[in-house]
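After the sequence you'll find the predicted model.
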Amino acid sequence: MHGVSALVRPVLPLSVCVSAALASAASLAESVDVPDADRVFVTATRSPTPLDEILASVLVIDRAAIEASAAGDVPELLRFHAGLDLARNGGPGQTTAVFIRGADSNHTLVLVDGVRINPGTIGLAALQNIPPAMIERIEVVKGPRSALYGSDAIGGVINVITRRGAHDGWSAEAGVGDYDSRQAGLSGGFTTQHLEFELGAYWADSAGFPTRSDDSTDRGYDNLSTNAQLRAALGRAEVALRHWSAQGTTEYSDFYLTPVDQDYQDSTTALAVSWPVGTDAQVEVGGSRFEDRIEQNQSADFLKTVRYGTNVQADWRATATQSLAAGAMYSSEQASSESYGTAMRATTDTLNLFVQDSLAAGPHRGLVALGYTDHETAGNAWTWNLEYGYTFAAGTQLYGLVGSGFRAPDATDRYGFGGNPDLEPERSNNYEAGIRHRFQGRHSVSLAAFRNDIDDLIEFVTLSYDPFYGENRNVDRARIEGIEAAYEYDAAPWRVRLEAIHQDPRNLTSGEELYRRVSDSVTVTAQRRFGPVALGLDVLYAGERKDFGWPQPVTLDSYVLANLTASWQLTRALSVNGRIENLLNEQYELADTFNTPDRGLYVTVRYTPGSRAPAVVAAAPARDAGTGRGAYSAALRSSGEGQRWATD
């Protein structure tokens, strides 16, 4: 229904685009080094680990990048990174799927402050309901992490970490944009020697546009989100209490183009207590609650998931070069739904255990992780990760990764329409090899080849058309093979990033391409500061991809999407940010028969009277001169402006 704009139809072949872009970006080189790469990343290992010691392919979208993008929601932040494909059923607030390196959308584990938000009912983690104004950073791991997190982490993990207002200072913002979009937010907090408190609130409303390509009725969205965090030092122990919630209404048009709407609510609450054991170990005990609820306003249909969890984890720096971690997580999930008169209710208990051994000795980097999951209905599963890398004196690193993952069938797979209580888990084996290099501290490049074999994929099998019924079965196998490349230049006043991926996501049972995944994509992000003014350009090329269609699958056209961003620091406290979305007014689809935004202008005014410089990825703990690694009691505790907590 949507073609590719004639302005951008002549797209160069993928290899030519990448080569030309790399050459252009390299010409921007200046005699300023990139920021220290020794930054902390948590999600890949469940422990604070310097980025230069992580072998897995990871991505960090920090606060500075979030503000520069002026993105409207989390999917908009993710889409300008290769290997992260989106499928969206319309405009703001509509259901959005994220595919990491060609794996299924429900093969992505999504966390908010470390709490799992994948629902137990049919549906996806509600990334579209998390406003960027409330986010400190997003950590993405590409590749399996079931050994550490259990079910769902086949394609990767997305961890959204909410802002620390007490660290950033108080901030207020308000904005307007196309489709009668309005938004406002307030965040901040205070800190003392032994206490830190943060509070944030965000409101958004949009009249939207028709969700379906053959409809003419605008469908809107509203969102009220809040988050609060409290940290306190009680003797040697540290206590952290976190809460996030989002609620509102999403309007859309159903299959028959009837205007309908539904109310939603998502929330996480987590309590963690952490304390050092000696000088080289730490123990953390915690509990969490997650709720996901959708209620249809034109019928009695609803979806609801409530999950309670407890966890304990111990980290120990055994030697100057070796760190050990072990943990246990127990969750109890209650999932219920009603859809077209079919009701479902199920309680599922799950136990996850893991051990991990990581090594950082001279040029050597290594990691071994083993996980065990006891799922009440899907049975037992062993998963693992094995990683090794070697860094040469010139700064070149070669690495190899192998690992396994699994996804247990959710309650709807087992008991909803077409439910099958005898379903087996979906399982995967992943392989990756790559090279990374940093040129004189100013440029960095990486190249990775990967393969993911997935067995026992769950598909709905039609058994009769009149009457229509069927059953979920483990019938398919998939293999995703690909190559991913990236280049980055980060030195004031320039910041440039290029990423490209070529992949073959294929269903081995049918021989067809997996739906809604592109084979080729290229992203380019360039930002330039001129004193108080900063300009940026984000460009995404996405190739053709298959999608569901009736009576036959369809092929969605390739497209080029460009966003232009600008910010102006009027005073120390007052700034204006703007974004022209879809600069070329490209007409494209992320899902068949669903609309996407036309060209639009969005402007936000931000007032931050006590702000500091936008925070990048959290600074790494100071290293101890005698051991090469800081002890936990010293590394995760500090005072003043750079204060960190062991429970972060």
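Happy to help now that I have it.

Enumerate the positions of stretch 184-193 that are buried.
Neighbour-count burial for stretch 184-193, with 16 or more other C-beta atoms under 10 Å as criterion, is recorded at Ala184, Gly185, Leu186, Ser187, Gly188, Gly189, Thr191. Every C-beta, even on glycine, is put in place using the N, C-alpha and C of the backbone.

For the helix or strand where the third one lies, name the packing helices and strands.
Taking DSSP states H and E as the definition, one finds Leu186 inside strand 181-191. Contact analysis of strand 181-191 by 3 or more C-beta pairs under 8 Å, 6 or more residues apart in numbering; DSSP states H and E lists helix 165-168, strand 171-177, strand 195-209 as its packing neighbours.

Now that strand: average pLDDT?
What strand 181-191 shows for mean pLDDT is 92.

a markdown table for the buried residues of stretch 184-193, including distance to Ala237?
Listed next are the buried residues of stretch 184-193 as a markdown table, based on distance: C-beta to C-beta, whole Å:
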| residue | distance to Ala237 |
| --- | --- |
| Ala184 | 37 |
| Gly185 | 33 |
| Leu186 | 31 |
| Ser187 | 27 |
| Gly188 | 26 |
| Gly189 | 21 |
| Thr191 | 18 |
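
And Thr391, how far from Ala448?
With distances taken as C-beta to C-beta, to the nearest Å, Thr391 is found 16 Å from Ala448.

List the beta-bridge partners for the residue lying closest to Asp254 once chain neighbours are set aside.
What sits nearest to Asp254 in space, not counting adjacent residues and going by C-beta to C-beta, 6 or more residues apart in numbering, is Val260, at 5.3 Å. Beta-bridge pairing for Val260 (DSSP bridges): Tyr252.

what residues are up against Val260?
Val260 sits next to Glu251, Tyr252, Ser253, Asp254, Gln296, Asn297, Gln298 when contact means C-beta atoms under 8 Å, 6 or more residues apart in numbering.

Over to the last one: give its phi and psi.
Main-chain dihedrals, Gln298, degrees, to the nearest 10: phi -100, psi 0.

before we move on, back to that, Thr391 and Ala448: which has the busier surroundings?
Neighbours per residue, other C-beta atoms under 10 Å: of Thr391 and Ala448, the larger number sits with Ala448, 22 against 18.

wait, what's in contact with that one?
Ser57, Glu432, Ala433, Gly434, Ile435, Ile483, Glu484, Ala485.

any idea which helix or strand carries it?
Assigned by DSSP H and E, Ala448 falls within strand 443-465.

Repeat that for Lys304.
Using DSSP H and E, Lys304 falls in strand 302-317.

what's that strand packed up against?
Applying 3+ C-beta pairs under 8 Å, 6+ apart, we find strand 302-317 packed against strand 115-116, strand 281-296, strand 322-339.

got the CA positions of it in CSV?
In CSV, the C-alpha atoms belonging to strand 302-317 read as follows (Å, rounded to 0.1, in the frame of the first residue of the first chain):
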residue,chain,number,x,y,z
PHE,A,302,-8.8,-8.6,28.8
LEU,A,303,-5.2,-9.8,29.4
LYS,A,304,-3.5,-9.8,32.8
THR,A,305,-0.2,-11.0,34.1
VAL,A,306,1.0,-10.7,37.7
ARG,A,307,4.4,-12.0,38.5
TYR,A,308,6.2,-12.2,41.9
GLY,A,309,9.9,-12.9,42.1
THR,A,310,12.6,-13.4,44.6
ASN,A,311,16.4,-13.6,44.0
VAL,A,312,19.7,-14.0,45.7
GLN,A,313,23.1,-13.4,44.0
ALA,A,314,26.7,-13.6,45.3
ASP,A,315,29.7,-12.0,43.5
TRP,A,316,33.3,-12.7,44.5
ARG,A,317,36.5,-11.4,43.1
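
tell me which residues of it are tucked away?
Per 16+ other C-beta under 10 Å, strand 302-317 contains these buried residues: 302-307, 309, 311, 313-317.

can you check stretch 498-516 too?
498-503, 505-507, 513-516.

returning to that earlier point: what's the PyMOL line that selects buried ones from the contacts of Val260?
Buried residues among those (16+ other C-beta under 10 Å), as a PyMOL selection:
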select buried, resi 251+252+253+296
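
Of the contacts of Val260, which is the nearest to Ala326?
Using C-beta to C-beta, Gln296 comes nearest to Ala326 of the contacts of Val260, at 43.8 Å.

quick one, what contacts the closest one?
Listed by C-beta under 8 Å, 6+ apart, the contact set of Gln296 reads Val260, Gln262, Phe302.

so the second one is in which element?
For Gln262, the element it lies in under DSSP H and E is strand 259-277.

one step back: so which of the helices and strands packed on strand 302-317 gets nearest Ile154?
Using C-beta to C-beta and comparing the helices and strands packed on strand 302-317, the one that lies nearest Ile154 is strand 115-116, at 14.3 Å.

Mind listing residues that contact that closest one?
The contact list for strand 115-116 (C-beta under 8 Å, 6+ apart) reads Leu109, Val110, Tyr149, Asp152, Thr268, Thr269, Ala270, Ser288, Phe290, Arg307, Gly309, Ser331.

helices and strands of this structure: which one has the lowest mean pLDDT?
The helix or strand of the chain with the poorest confidence is helix 632-635; it has a mean of 36 (mean pLDDT, DSSP states H and E).

relative to strand 281-296, how tilted is the strand holding Gln262?
Angle, strand 259-277 to strand 281-296, by axes from the mean of the first three to the mean of the last three C-alpha atoms, to 10 degrees: 170 degrees.
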